[in-house]
Every structure is written in structure tokens, then in C-alpha cells.
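1. Just to be clear, the model below is a prediction. Sequence and coordinates:
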Amino acid sequence: MSIYDTLNPEQKEAVLHTEGPLLILAGAGSGKTRVLIHRIAWLMEQGINPWNIMAITFTNKAAGEMRERVDNLVGFGSESVWVATFHSTCVRILRRYIGHLGFDTSFSIYDTDDQKSVMKDVCKRLNVDTKIFKERYLLSVISRAKDELASPLEMELAAGTDFQRKRLAEVYKEYQAQLRRNNALDFDDLIVKTVELFQNCPEILESYQERFRYLMVDEYQDTNTAQFKLISLLAGKYRNLCVVGDDDQSIYKFRGANIYNILNFEQVFPDAKVIKLEQNYRSTQNILNVANEVIRNNRGRKEKRLWTDNVEGEPIVFRLFTNGFEEAEQVIGDIGRHVREGEGEYRDHAILYRTNAQSRLFEEKLIFAGIPYKLIGGVNFYARKEIKDVLAYLKTIDNGRDELAVRRIINVPKRGIGATTLNRVQDYAGAYGISFYDALLRAEEIPNLGRSAGKIIPFTTLIERMRSAVGSLSLTELAKQLLEETGYVKELEAEGTEEAQSRIENIDEFISKITAYEETAEAPDLSGFLEEVALVADIDTLEENSNYVVLMTLHSAKGLEFPYVYMAGMEDGLFPSYMSIASDTPEEDLEEERRLCYVGITRAKRELMLTAARQRMVRGETRYNMVSRFIQEIPEQYLAQTGAKNPLTAAKERPRQDAWQQSKASFRSKPYESQTLTVTKASGLEYTTGDRVRHIKFGDGTVLEITEGKKDYEVKVEFDTAGIKRLFASFAKLRKL
DNA sequence: GGTTGGAAACTTTTT
DNA sequence: GTTTCCAACC
């Protein structure tokens, strides 16, 4: 029996189709990663050099997982397969060849904070009123332009006589100039510059076309135009391009993902083979039914319907709470109960929400309940002030042209160097056409600096000393010495506050991350470390073998699965977000929200609970939201609703449709009326005191006592083998014998 | 040049 | 409700 016999016919077909373009439409939980790794194994079995195989993903976590699974499946030779994210692939190419584009190979990678700083400076230079054009907005315009591979010049030409758009093009141009001056690239540039490199240097492109003869792209529905171009260029010669995606899980339009990359794949590659994977191996029937019911409300999707051989499973539960606190408390209580009753471990539970801000309530309750948890998202570890400070030192050592980094740390810790001094240095640098840091090196020659020059010299001496130590010291030693000589940690220690203490702890953690990098990387160096740091996403830190409840946004959850999933905040205005409802193109935006909902639902393997709150604190004020329209799209037959204090009032308080909704509803094939929710609270139990019952895990037992709680019945059962347990009726699922 | 307090903005999602 | 920013002070 071969490893391919475990695949279903469609999966097998996808694995065996190795030559020419291939589009795999893989529904949620249909085993697409499995197909990809088997495909790699098959290619190698056909005698294809693993060196010629490339698999691209979006996150490091996905890449790491694929790498591991390929290693396990094929063993020898698999290490030569190129498995990496889009961004790290580009960085690796650019580190070699970016000289052709006039950058230095030790370029910095700017994160969102850095981008903002650059933009601020740009606005100042160009006299842009940031009250009218917010930096955030300007950056998003530029980012979208880059996603579409539009240069500042093209943007200017496209603007025509439109003054505002011309102005935007100007900003874009200046922003790029500033990045170049700093020898820096932003995230989007990593892709754009690689495409540019390939277009400018056909011989470099060809060498990579030869290298990557077999390409595979995961999460293809989230690629943007630039990424598509990159792939097309690479696959241009051999055309062995296999893309795997699910248009129903496209949730990154806001970030430039172009859904037409998947919808029009067959037009771009007319000879493409298309294979649909519709069998789901992950979820129960009930979960899948609900997912299908929700997603079918979207138009403009490739028709498919997921099915499964799995058991019907428990009904999906919807619970409406009075407020967010109660929601958090009950969800956490539910998880605690699950674990206590042995139905699962902490790691089996995930709480998903639309916005990061929602995590706080859950965190508080989790801490209170003493439940270990992992929060994904929010403030990135590497975005913390103290970490960014240390990183800025390292960047300065690595890339002297990164002015942003230099400016960040020149007065941290305090050296008495202020704005006036910096401006004079800046002027000098400008006058002589040298970098800011090089000007600092010549502090003594700069006129009007006076005593300030004496404050600058110790700083540059320190950096220079560190630079010369780069080769001889390990990165860990370098960082430690840096912290020692700058007195950064000492200053924090002197502060003595709780906050300073946590900063010190973060720095310690940072040091151990450097050590870990040195131990695992093939050829560790400073640039490599900085690059890795720049490209980690928060989701990459999720460890499957640690036992904790996971909290994250629905976006972060894509590609993951959990036995028990809680989707919190199912309220109109929150999810779907207010932004999508009030957008210029609500239909389109709501469809994306609906896909997000679909992604959330399909994360669940065994049980899914949807929750909402009648009132919720948003930005300090209480908001009253209606229950999410997505809940209303779920036929009642699949839902068990509990949580209402009184079933009758709950039914009455069922949110009424507003005018907008009603007008929408009249265009639907499936009217809302047929989908109303009725309360099917555990109103009648089929057993009573003294009855013999059976529990899925504890076996048979006798009911000792039933107490009616606010939300549920609490049943005390004496099990024959497991002893006396107190269970909640809606979760214990006791069956009368 | 550094510190402090109060106002304003902020929240949709991220490599 | 929280974080960030800026202006007026020291």
C-alpha cells in the first residue's frame, strides 16, 4: 500500500497532475495541505529534484507546518524543497540581487510604525495637512497602489487633472524617495521590488524560473495582483503552477487581495486543470450545514457544497447575553466546565472575535478563572517600545542609512541631545549629501553644534565599537553588551515600577529569542535576525503542543481548527462590522464579512457556540446592537438557543429588521421570515430524579438531583464508575435509558 | 532639553 | 475606556 492510497479520488487526481497549470478549489477542511505535501512527495518520486520544487504560503506558521509534514512524509531530500512565505522568499531574493535596483543589500524592513514615521516626515516636507489627509489614509492609498503594482509615475498619469489624486501621487513619490534614502523597504515593497527586479533583469528571472520548475501556492485566494504577477513570472517558463485556494475564504480584500486571481484563473490559464475538493474531514454535519447555509447568501462565488461523512454532532448553540461581561463570563465558564468534566483540554478551545478590542473582557475572566490562555494579535511583541528600541540599535549597527532607527535611539537612554541639535545635523547631512549617521560621525566639524558635539561622540563611538564587534561576538553577546554599555536595563531597574519590570522581562525574552535564532538558523547573522523579526506574524507564535485556550480574531484563525469554537460578538455593527454596513459598496463588503463568518464556523470540529450581547461597551459608551444578520441566516433546525432569561421575552425582543434590512430581504430568494429563531432552551428534560441515564464519557448513572439554574438545568448524577458529578444539562447531553 | 497634564483620536481585519 | 500627541511649563 502506498501513501497515496489514503487519498480520496479528487485528492489523488490533484496529487498526480504534475504538469501544467492546476487550480485546486479546496473547501474548508478538505485536506488541502495534505494534498500539497503528497504532491511534493509524488514529484520527488517521479525523479524531480527537490531543489526544483517551491511551495509558497502566507504565514511562517503555515510554512513551518508544511515543512515538517513534508519532512515526515518523504524524509531524505525534503530539506531542499523551498517552503517559505511570499515575504521571506522575496527577502531572500532581494538580499542577493537588490543591488541591481540601487539599494544596499543590508536594507531595513519597515513595519507599520516605521511607515507612519516616514509618512509624517513626508507630510511635513510636502506641507500636507494631516488633518485632511491622515497618515493612515495616505499609507493605505500607497499600499493599494503597490498591491496593484502601480508606480508613483503611473499614479500621477492616471490622476489626469484631478488635483487631489495628483497630490496623492506626489506623496507616494516622496514616500518612496524617503524609503530609498533610508535604504529601507516596506512590506509591500518586498513583493513589488522583487517583481521589478525580475522585469529589469531577465537573466535573474530566468535563473529562478530554472530553479523553481514546480510551484505551489497555498491560500491562493488571498494573493494580490503583485503576488500574482510574481508567481506568473516565476512560472512563466515551465508553467507548472499549482494553486490551492477557496474563494469562500477570501478575507483579505482590505489588504489588496484580488479575488479575481482565483475566479479568473481559468481565463488566464486556459489549459488549467480544475479540481474541486468538497469532502470535509474536519467538522460535524451540523457545523457544515450551518456554514453552507451562511455562505450560500453570497453571490459571485464558485458553486460548491461541502459534505462530510462525519457524524451529525451536536446542534450549534446560539446564546444571547445582556452584556459583554456576561458573555465573557459564560463562555469562560463553559470552557472551564468542559475541561473539568473531561470533555476536552484547554487547547481544544478557541474564542474567536471580529476585533482585537474584544479580547480584553475574555482575558480578564480567564485570569480570574485561572485558565491558561494565549492571546494572538493585538500589540505585536516586536512592536513594544523597549523591543523597538533595542531593535533600532541593532538596525543602526546593521544599516547606518536607516535614519529612522538612528533617530529613535540617539537620545535613548537620555544623552541630552535634542531637536535643535538634530536639525543642525540634518542640515549638515543635507548640505554634504551624506547620511544622517555619517553626519553624526563628523559631529565635531558641524558648525553651531557647540557642546552638543560632545554628547554625540560617545554615541557614535558606541555604535562603531559595536560594529567592529559584529564578527567576533555572537549575536546574543552583542545584544547583551549593547544593553550593558547603554545602561538601558539599568535605567529601567532604577525606575522600579511594575511597568519597567515588565519591560525588563520583555528584553530578557528578546535576548532568548536571539539565542534561539542563533541556534536554529543555518548561517545566523545580524541581518538575518532582523529580517526574521520583521517578518514574524503573531500567529506564528501559536504552539500546538502547549495547553492553553486560544484567543484571536477571525482573520487570524484562518487555516486553523479546534474541537470547540466560540464565536463571540455576533452583533450587527460589530460583526458584520459597522464599516462594511456603512461602506460605499455594502454588498461587496458584507460578502467579505460573510466569508469571514464562514471561515469562523468552519474552524470548529466538534462543537460551535455563537454568542452575542444586547449591550456592549464600545469606546467607553454603551451600544445596543441587533443580533448579527448572519445568525438570522442560519435555519432554526440547526440551532439550539439558550441563554435567555425568559424564553417569551427573548422571543419578543428578537431584533426587528430595520428598513434597510427589509428592503434587502425582499430581494432574497430566501426570506428572513422563514429563518426566525425560536427559543429551544433545554425546556423539558427527558429524564427526572431517579432515572437511569447515560453520559458519553462517564457511562451509566442515576440522576440524584435536578436544579434549575438561570441559564440551564444542573443535574447531579451518580455514575456507576465515575462517581458523583454535577453537570449542566445542555452540555452533558444525558440520555435516558 | 525634559517633564507634565490635558485634549484628541481611536478600532476592523495584517504579512 | 485607553492610548497617543502636543503645548505649556520647569
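-> Perfect, thanks for sending it. Numbering: from 1, shown residues only, chains lettered A, B, ... in the order given.

2. Can you give me every residue that contacts residue A:245?
-> A:23, A:24, A:25, A:26, A:217, A:218, A:219, A:220, A:221, A:222, A:262 (CB atoms under 8 Å, 6 or more residues apart in numbering). (Each C-beta comes from the backbone N, C-alpha and C, glycine too.)

3. how about a cut-off of 6 Å?
-> The contact partners of residue A:245, taken as CB atoms under 6 Å, 6 or more residues apart in numbering, are A:220, A:221, A:262.

4. what is it paired to in the beta sheet?
-> The residues listed as beta-bridge partners of residue A:245 by DSSP bridges are residue A:25.

5. From residue A:558, how far out is it?
-> Between residue A:245 and residue A:558 the distance, using CB to CB, to the nearest Å, works out to 11 Å.

6. Any chance of JSON lines for the contacts of residue A:245, columns neighbour count?
-> Shown next, in JSON lines, are those (neighbours: other CB atoms under 10 Å):
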{"residue": "A:220", "neighbour count": "29"}
{"residue": "A:221", "neighbour count": "24"}
{"residue": "A:262", "neighbour count": "23"}
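
7. how about the residue of chain A at minimum distance from DNA strand B, phi and psi?
-> Among all residues of chain A, residue A:418 sits closest to DNA strand B, at 2.2 Å; criterion: CB to the nearest atom of the strand. Dihedral angles phi and psi of residue A:418 (degrees, to the nearest 10) take the values phi -110, psi -170.

8. Contact partners for the nearest residue to residue A:735 once chain neighbours are set aside?
-> Leaving aside its sequence neighbours, residue A:735 sits nearest to residue A:694 (CB to CB, 6 or more residues apart in numbering; 4.9 Å). Under the criterion of CB under 6 Å, 6+ apart, the contact list for residue A:694 reads A:700, A:735, A:737.

9. which residues touch the residue of chain A closest to DNA strand B?
-> So, once contact is read as CB under 6 Å, 6+ apart, residue A:418 ends up touching nothing.

10. any chance you could map the helices in the stretch 451-600 of chain A?
-> Read by DSSP state H, counting those that start in this stretch, the stretch 451-600 of chain A holds these helices, from start to end of the chain: A:452-469, A:475-486, A:488-495, A:498-520, A:526-535, A:578-581, A:586-601.

11. which parts of the first one are buried?
-> Neighbour counts over helix A:452-469 (16 or more other CB atoms under 10 Å) mark A:452, A:453, A:455, A:456, A:459, A:460, A:462, A:463, A:466 as buried.

12. thought the last one was touching residue A:397?
-> Right, residue A:466. Yes - applying CB atoms under 6 Å as the test, residue A:466 and residue A:397 come out as touching, 5.0 Å apart.

13. before we move on, back to that, could you pick out which of the buried residues of helix A:452-469 are near DNA strand B?
-> residue A:452 (CB under 7 Å from any atom of the strand).

14. Turn the buried residues of helix A:452-469 into JSON lines, including distance to residue A:393 and pLDDT.
-> Supplementary listing: the buried residues of helix A:452-469 in JSON lines, determined by distance: CB to CB, whole Å; pLDDT from 0 to 100:
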{"residue": "A:452", "distance to residue A:393": "21", "pLDDT": "83"}
{"residue": "A:453", "distance to residue A:393": "21", "pLDDT": "86"}
{"residue": "A:455", "distance to residue A:393": "17", "pLDDT": "88"}
{"residue": "A:456", "distance to residue A:393": "16", "pLDDT": "90"}
{"residue": "A:459", "distance to residue A:393": "10", "pLDDT": "92"}
{"residue": "A:460", "distance to residue A:393": "13", "pLDDT": "93"}
{"residue": "A:462", "distance to residue A:393": "9", "pLDDT": "94"}
{"residue": "A:463", "distance to residue A:393": "8", "pLDDT": "94"}
{"residue": "A:466", "distance to residue A:393": "8", "pLDDT": "94"}
